[in-house]
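Q: Sequence plus the predicted model coming up.
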Amino acid sequence: MEIPGGQSARSLIQEVGSYGSANPAIVAAAVVGMVVLAVSLWLVVRWIRRPMGARLRRALAKRDEVVVLMHPNPDPDAMACAVGVAHLAEAVDTEATLQYSGQVRHQENRAFRTVLDLDMETVDHVTDLAASTIVLVDHNTPRGFDGAERIEPYAVVDHHPGNGTGEVFTDKRTEYGACSTIVAKYFQDLDADPIGPDAVPPADDFVLPSDVATGLLYGIQSDTKHLTNGCSEAEFAASAYLYRGVDEHRLDRIANPQVSAEVLEVKSRAISDREVRGSFAVSHVGEVSNVDAIPQAADELMHLEGVTAVVVYGRRGDTMHLSGRSRDDRVHMGRALQAAVDDIPGADAGGHARMGGGQVPVESAVVAGGSEVGLWSEQEFTDDVFDALSGNV
């Protein structure tokens with residue numbers, strides 16, 4: 001057989017053989033290079049195919065201690081994820097400290113922490129962090145304390161949109177309704193067997209303890225309104241997996257905490273002082289000492305017949321707090337709130353399509369005609385919110 005140029009295949013093989021005999025070092029280097037390339041490709045494919053739970057466990061095992069950092073004022077979903085990741089860390093002999101900024105105020109959040117007896121530490125400054133290796137759960141950008149912007153997270157586990165990533169591990173699943181769903185899937189990846197509150201765990205098997213299973217299930221329920229809002233198929237699958245390990249008594253105590261008189265009063269003001277335009281409702285509830293009463297009032301307003309989107313806002317100290325809910329396909333609540341405060345210096349708002357929140361500095365002002373004047377009045381702000389809900393911004 002001849003190849004292009006008139007040379008036969010036999011003669012070409014002979015030439016290659018002669019070259020190899022004359023240059024054994026080059027041939028050996030080429031063979032070694034091919035082997036290294038093949039092994040590298042095999043390792044990459046193996047890593048890609050490895051479940052995310054195994055990847056996170058491997059990343060945690062490389063550190064002696066980590067901080068599992070929740071977002072400010074953590075809710076059950078954030079706390080449940082922190083507990084789950086901490087259990088994964090401790091299973092590979094990595095010390096885990098749960099930390100957060102802000103406060104745990106909402107009665108549901110306080111009940112979650114108390115009933116599950118969670119050991120959590122507060123952070124006011126970056127120097128308060130218990131370790132240099134930070135794992136973010138239920139958010140992807142550190143915030144809420146001085147120096148947070150200097151943190152480079154080691155790992156990120158989240159279901160919210162955003163650009164934050166981890167140095168070694170990142171798992172963001174924005175199609176999920178709860179971050180707890182992701183963490184539950186990690187335990188499934190690792191074949192952890194959920195065990196009930198009275199069960200004796202096997203000596204050698206990796207198990208999912210009842211307190212962790214109970215927390216993760218309630219984290220899913222809390223962020224999806226008991227599997228009725230913003231769910232994906234994954235939430236139902238995770239709930240079914242976790243069910244065998246749930247402590248029903250503890251779950252009931254978390255889900256049905258006592259409610260303070262102020263929360264009921266704020267809900268009452270939100271209903272009685274609401275302004276309704278079409279199918280949208282906006283309510284200013286005035287001064288509050290417990291800002292967690294504001295989102296609860298927004299939830300209450302959503303029960304009004306004919307109302308498809310609501311925003312409730314009230315003042316605590318020098319800050320106006322906003323909370324919005326939507327079941328209207330025309331209204332992306334996070335974007336609407338962002339648009340409503342876009343022109344106010346120092347204001348910040350955002351969120352999901354169905355749920356959003358924000359904060360506005362009360363003392364925001366502009367200089368006009370040589371004197372300081374308020375940037376907005378209550379009615380002007382209410383009008384801006386209605387315009388944002390209607391898309392007129």
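A: On my side now, so go ahead.
Q: for stretch 259-270, the distance to its chain's centre please.
A: 28 Å (CA atoms, centre = their mean, to the nearest Å).
Q: Put the alpha carbons of that stretch into CSV.
A: Provided in CSV are the C-alpha atoms of stretch 259-270 (Å, rounded to 0.1, in the frame of the first residue of the first chain):
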residue,chain,number,x,y,z
VAL,A,259,-47.0,34.3,68.4
SER,A,260,-46.3,37.6,70.2
ALA,A,261,-48.9,40.3,70.6
GLU,A,262,-46.9,42.7,68.4
VAL,A,263,-47.0,40.3,65.5
LEU,A,264,-50.8,40.1,65.7
GLU,A,265,-51.1,43.9,66.0
VAL,A,266,-48.9,44.5,63.0
LYS,A,267,-50.9,42.0,61.0
SER,A,268,-54.1,43.9,62.1
ARG,A,269,-52.7,47.2,61.0
ALA,A,270,-51.6,45.8,57.7
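Q: I would like the residues contacting it, please.
A: Stretch 259-270 is contacted from outside by 107, 283, 285-286, 288-290, 292-294, 296-298, 300-301, 312, 314, using CB atoms under 8 Å, 6 or more residues apart in numbering. Using the backbone N, CA and C atoms, a C-beta is placed for each residue, glycine as well.
Q: Can you identify each of the strands in the stretch 101-250 of the chain by residue range?
A: All strands of the stretch 101-250 of the chain, identified by DSSP state E, counting those that start in this stretch, fall at 120-122, 134-137, 155-158, 169-172, 193-194, 207-208.
Q: of all those, which gets the most neighbours per residue?
A: Comparing these by mean neighbour count (mean count of other CB atoms under 10 Å), strand 134-137 ranks first with a mean of 27.
Q: Paired strands for it, with orientation please.
A: Partner strands for strand 134-137, per DSSP bridges, with pairing direction: strand 65-69 (parallel), strand 155-158 (parallel).
Q: Look up how far residue 213 lies from the nearest residue to residue 215 once chain neighbours are set aside.
A: Closest residue in space to residue 215, ignoring its immediate chain neighbours: residue 80 at 4.0 Å, by CB to CB, 6 or more residues apart in numbering. Residue 80 is 10 Å from residue 213, where distance means CB to CB, to the nearest Å.
Q: quick one, which of the two is more surrounded?
A: Using other CB atoms under 10 Å, the more surrounded residue of residue 80 and residue 213 is residue 80, with 33 against 28.
Q: Could you check how many residues crowd around residue 162?
A: Neighbours of residue 162 under the rule other CB under 10 Å: 13.
Q: you'd agree it is up against residue 140?
A: Yes. Using CB atoms under 8 Å, residue 162 is in contact with residue 140, at 4.4 Å.
Q: so who does residue 164 touch?
A: With contacts defined as CB under 8 Å, 6+ apart, the neighbours of residue 164 are 136, 139, 140, 141, 142, 153, 156, 158.
Q: so which two of those residues are the farthest from each other?
A: Spanning the widest gap among the contacts of residue 164 are 142 and 158, at 11.9 Å by CB to CB.
Q: Find residues that contact each of these two.
A: Common neighbours of residue 142 and residue 158 are listed as 136, 164 (criterion: CB under 8 Å, 6+ apart).
Q: so how far is residue 238 from the residue nearest to residue 215?
A: Applying CB to CB to residue 80 and residue 238 gives a distance of 11 Å.
Q: Common neighbours of those two, please.
A: Listed as contacting both residue 80 and residue 238 by CB under 8 Å, 6+ apart are 180, 216.
Q: Between residue 162 and residue 140, which contacts overlap?
A: Jointly contacting residue 162 and residue 140 under the rule CB under 8 Å, 6+ apart are residue 172.
Q: Just to check, residue 154 is in contact with residue 170?
A: No. Residue 154 lies out of contact with residue 170 (CB under 8 Å); the separation is 10.2 Å.
Q: before we move on, the earlier item: selecting buried members of the contacts of stretch 259-270 in ChimeraX, what would you type?
A: Remark: buried members of those, expressed as a ChimeraX selection using 16 or more other CB atoms under 10 Å:
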select :107,283,285,288,290,292,293,294,296,297,298,300,301,312,314
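Q: Which members of the contacts of stretch 259-270 occur in strands, if any?
A: Taking DSSP state E as the definition of strands, the contacts of stretch 259-270 contribute 283, 285, 286, 312, 314.
Q: Could you work out the most separated pair of those residues?
A: The span of the ones in strands among the contacts of stretch 259-270, defined through CB to CB, is set by 286 and 312 at 10.9 Å.
Q: Contact partners for residue 119?
A: With contact taken as CB under 8 Å, 6+ apart, residue 119 is in contact with residue 98.
Q: Equivalent analysis for the one 5 residues further on, please.
A: Applying CB under 8 Å, 6+ apart, one finds that residue 124 lies in contact with 101, 145, 146.
Q: cool, residue 334 as well?
A: Residue 334 sits next to 349, 350, 351, 352, 353, 355, 356 when contact means CB under 8 Å, 6+ apart.
Q: could those residues go into JSON lines alongside neighbour count, distance to residue 377 and secondary structure?
A: Putting the contacts of residue 334 into JSON lines (neighbours: other CB atoms under 10 Å; distance: CB to CB, whole Å; DSSP: H, G, I helix; E, B strand; the rest coil) gives the following:
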{"residue": "349", "neighbour count": "24", "distance to residue 377": "19", "secondary structure": "strand"}
{"residue": "350", "neighbour count": "17", "distance to residue 377": "24", "secondary structure": "strand"}
{"residue": "351", "neighbour count": "23", "distance to residue 377": "25", "secondary structure": "strand"}
{"residue": "352", "neighbour count": "18", "distance to residue 377": "29", "secondary structure": "coil"}
{"residue": "353", "neighbour count": "16", "distance to residue 377": "29", "secondary structure": "coil"}
{"residue": "355", "neighbour count": "20", "distance to residue 377": "27", "secondary structure": "strand"}
{"residue": "356", "neighbour count": "26", "distance to residue 377": "22", "secondary structure": "strand"}
